[in-house]
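In: quick one: sequence plus predicted model below, questions after.
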Amino acid sequence: MSNETGASIVETFRYVRSIHRNVSRLLMSADVLLSEYGLLPYEGWSASYPLTTFRATAPDEWLAEYFIRQFRVRGKKDGGIVTVGVVLMPPERFSEVPVCFASSMAVRREPNAVYTLSASQVAARGHPPDGVVRTVHAGDLETDWFTSADVASFKELIIDDRVTSVAVPLMTVNSSVELESLVIKPLMRQLAADSAALGSTGS
């Protein structure tokens, strides 16, 4: 390995670090935006990627593919989870560029699998990152990004077999303004509409 190659490696990692810093700022900006809906971030962490111990024989796992920040209704310890996240390396059939997403799901319990399940839209066929709020079901999932174990976890953990999600290309989200208008508001409007429809059905 030449000194020139070594310098390129260092520069590459500096660039990756700058991407991580931008993602961090974006995820943290969701705190204020979602607090208006009574949602607070989970205590004790700011961003999460499920693998914290990497296998020496699986180098493709060493670079984090996505980061999320999860929220719940103030005062509630179970039930609904709202997630804001960034997927840096989605499967090509979903998107050729990184995406930003927000999702909502109700879960029976909260093992580590809920981190991955929040990004179910990325693993679903026919649900592109076009800013349209979509409902993902277990039958939509493919195993090019999810594993068969992830699909099994979806069926086991997700109440009513639905994750409500919206995603857009990350490059369209340059600040909290776009995060709110393109991702968070569309999701929250759909959740409000779903809640109103459920209420009218039950009355």
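Out: Ah, there it is.
In: Val122 touches Val87, doesn't it?
Out: Yes - counting by CB atoms under 8 Å, Val122 does reach Val87; the two are 5.4 Å apart. For every residue, glycine as well, the C-beta is placed using N, CA and C.
In: more neighbours, these two?
Out: More crowded of Val122 and Val87, by other CB atoms under 10 Å: Val122, with 29 against 24.
In: so that one versus Tyr37, what's the distance?
Out: 23 Å (CB to CB, to the nearest Å).
In: okay, now the unreliable bits of the protein?
Out: Low-confidence segments of the chain (pLDDT under 70): 1, 44-52, 75-79, 199-203.
In: residue ranges for the helices of it, please.
Out: Using DSSP state H, the helices found in the chain span residues 3-35, 113-117, 148-157, 176-178, 185-202.
In: quick one: list the elements packing against the longest one.
Out: Looking back up the chat, that one is helix 3-35. Secondary-structure packing of helix 3-35 (3 or more CB pairs under 8 Å, 6 or more residues apart in numbering; DSSP states H and E): strand 39-41, strand 66-73, strand 80-87, helix 176-178.
In: winner for burial among those?
Out: Comparing the helices and strands packed on helix 3-35 by mean neighbour count (mean count of other CB atoms under 10 Å), strand 80-87 ranks first with a mean of 24.
In: and that one with helix 185-202, angle?
Out: 150 degrees (axes from the mean of the first three to the mean of the last three CA atoms, to 10 degrees).
In: list the contacts for the residue most central in space within the chain?
Out: Nearest residue to the geometric centre of the chain (CA atoms, centre = their mean): Gly85, 3.6 Å. For Gly85, the contact set (CB atoms under 8 Å, 6 or more residues apart in numbering) comprises 27, 66-69, 100-103, 118-119.
In: and the spatially closest residue to it that is not a sequence neighbour, how far is that from Thr164?
Out: Closest residue to Gly85 apart from its sequence neighbours, by CB to CB, 6 or more residues apart in numbering: Ile68 at 3.6 Å. Applying CB to CB, the value for Ile68 to Thr164 is 15 Å.
In: ok, Gly80 next?
Out: Counting by CB to CB, the separation of Gly80 from Thr164 is 10 Å.
In: need the overlap of contacts for the two.
Out: By CB under 8 Å, 6+ apart, the residues touching both Gly80 and Thr164 are 104-105.
In: mind putting the helices and strands packed on helix 3-35 into CSV with distance to Gly139?
Out: Converted to CSV, the helices and strands packed on helix 3-35 look like this (distance: least, CB to CB, whole Å):
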stretch, distance to Gly139
strand 39-41, 29
strand 66-73, 23
strand 80-87, 21
helix 176-178, 32
